[in-house]
Structures are given as C-alpha cells and as structure tokens.
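Enquirer: for reference, the sequence and a predicted model appear below.
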Amino acid sequence: ETGVTQSPTHLIKTRGQQVTLRCSSQSGHNTVSWYQQALGQGPQFIFQYYREEENGRGNFPPRFSGLQFPNYSSELNVNALELDDSALYLCASSFGHAGELFFGEGSRLTVL
Amino acid sequence: DAKTTQPNSMESNEEEPVHLPCNHSTISGTDYIHWYRQLPSQGPEYVIHGLTSNVNNRMASLAIAEDRKSSTLILHRATLRDAAVYYCIRGVNLGGSARQLTFGSGTQLTVLP
C-alpha cells in the first residue's frame, strides 16, 4: 500500500471520446506525476504537477492535459481518444522533486 | 537518448545474491540513477537510487561505476517475492523542481525455488 489511490481502475471508451482519470496522492506529498504504460513496455512520463502547476512534460500531445488541486489530488484528461491511447495510466506522488515516487496501481484504459 | 540498457531477463536461485546490470552511457552529471520494480497488476515500487557513490538500504545495494556509465543493483538474498520486472532509470532534471524518470523495458527477474 503506497497511499496513492486511482480511479477508475478499469474503463472502456470509444475512439474520439474524452476521459478523465483521478488520483489521490499520499498525505503530505505536493508533487504528482502521470505515466502511460503500454502493454509489455515501461512507463512513459506524461507530465508532472507541483503546487497546482505543470512544471514538466514528456513527449505527449496537448490533448493530454491535467490539473492538480489545492489538496494535491490530480486529474489526467485525454481528449479525442485514439486506439493507441489504450494503456495503463499510472499516477505517482512525491514530496518535492528528489524524493522517491509512490505509484498507484493505475487505471487501465481500453479504447475501441 | 535518455533510456538505459538492461538485459531482458535473468534467473536466480532463491536465497542467492542477484546482480542486475544497467548501462547508461549518456547520463549527465546531475541525473540520478533510480531502480524501481513492478509486479504484475501493480504500479512500480521504489527500490533504491543514487548519484555517484554506492548506496545501501534495507531492500538492496546500488553499485555505481566510477565513470557513472553503468550501475548494478544487488539483491543480497533473492526470495520468491523478488520476482518482478526491475527498471533501471535515469532521473532527468527538467529545471526547477521538475524531474522526469525515463523508464526502459526493464529486466524480468525470475527466482527459482
């Protein structure tokens, strides 16, 4: 148990739809990162939020966006879903940028 | 390329030490080396990290080469619960407080009873 919870655990969408994934970070953690993990591959960095602002982004298009709230929980939004967006989406929280990351168990998204 | 290079798979016998190698020849001077592991249907779990010198914690040891182009994760006595995919990762500073972990494909460790 890492104290990081994600919802929903599984969901199915169709191409072109929009999805919102949610993450509740571990108590006291002010930094949240999101990762995408395709089947059989390592996680890929999407972006990081620190004190409600995006302060780092990987190689993902603008249709991937996020929010961090005052309680440090976070959302990942993906618009105009594509088949290749099917993956496990992982949220990780930490205190500051140098500490270890605590990952949730992920949200499995399937796009049909 | 910020990714690391690891063997796809390794096997170990239970209660024996395991040495998991990693190459990161393009690492910069400020990038930390992190190791995480992932069991099926779970998120990655932190194992250890370091910058220049060798590091030890309750889970493992991390030996970093003097030129920092390679490192080795050492599990002192493998157990069946250590069977997982082990990721060697560069922690890239993006500026300010932002940090990106660049995962590779990892090493699937099988522990034999």
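Expert: Thanks, I have it.
Enquirer: please enumerate the strands of chain A.
Expert: For chain A, applying DSSP state E gives strands covering A:5-7, A:10-13, A:19-24, A:31-37, A:44-50, A:53-57, A:64-68, A:74-78, A:87-94, A:102-103, A:107-111.
Enquirer: would stretch B:40-58 count as contacting chain A?
Expert: Yes: shown here: stretch B:40-58 in contact with chain A (Cβ under 8 Å from any Cβ of the partner chain) through B:Ser41, B:Gln42, B:Gly43, B:Pro44, B:Glu45, B:Tyr46, B:His49. Glycine gets a C-beta too; all of them are placed from N, C-alpha and C.
Enquirer: so the second one is in contact with A:Glu105, correct?
Expert: Yes: taking contact to mean Cβ atoms under 8 Å, the distance of 5.7 Å between B:Gln42 and A:Glu105 places them in contact.
Enquirer: give me phi/psi at B:Arg81?
Expert: Backbone geometry at B:Arg81, expressed as degrees, to the nearest 10, gives phi -70, psi -10.
Enquirer: equivalent analysis for B:Phe103, please.
Expert: Taking degrees, to the nearest 10 as the convention, B:Phe103 sits at phi -80, psi 150.
Enquirer: where's it relative to B:Thr4, distance?
Expert: B:Phe103 sits 8 Å away from B:Thr4, going by Cβ to Cβ, to the nearest Å.
Enquirer: got any residues that touch both of the two?
Expert: Residues touching both B:Phe103 and B:Thr4 (Cβ atoms under 8 Å, 6 or more residues apart in numbering or on different chains): B:Ile89.
Enquirer: how many neighbours does the closest residue to A:Tyr89 other than its chain neighbours have?
Expert: In space, not counting the residues next to it along the chain, A:Tyr89 is nearest to A:Ser107; the distance is 4.8 Å by Cβ to Cβ, 6 or more residues apart in numbering or on different chains. For A:Ser107, the number of neighbouring residues by other Cβ atoms under 10 Å in any protein chain shown comes to 21.
Enquirer: show the pLDDT at A:Ser107.
Expert: On the pLDDT scale, A:Ser107 is placed at 97.
Enquirer: tell me the contacts of it?
Expert: A:Gln6, A:Ser7, A:Pro8, A:Thr9, A:His10, A:Leu11, A:Leu21, A:Leu88, A:Tyr89.
Enquirer: out of the residues you listed, what pair is the most spread apart?
Expert: Using Cβ to Cβ, these span at most 13.8 Å, a distance reached by A:Ser7 and A:Leu88.
Enquirer: more crowded one of the two?
Expert: Neighbours were tallied for A:Ser7 and for A:Leu88 using other Cβ under 10 Å; the higher tally belongs to A:Leu88 (20 against 12).
Enquirer: ok, B:Arg77 touching B:Met59?
Expert: No: when contacts are counted by Cβ under 8 Å, B:Arg77 is not listed as touching B:Met59 (11.3 Å).
Enquirer: neighbour count winner among the two?
Expert: Taking other Cβ under 10 Å, B:Arg77 and B:Met59 do not tie; B:Met59 has more neighbours (15 against 11).
Enquirer: per-residue confidence for the more buried one?
Expert: Predicted confidence (pLDDT) for B:Met59: 89.
Enquirer: I'd say it and B:Glu45 touch.
Expert: No: assessed by Cβ under 8 Å, B:Met59 is found out of contact with B:Glu45, at 9.1 Å.
Enquirer: low-confidence ranges in chain B?
Expert: Applying pLDDT under 70 to chain B flags residues B:1-2, B:95-98.
Enquirer: perfect, that will be all.
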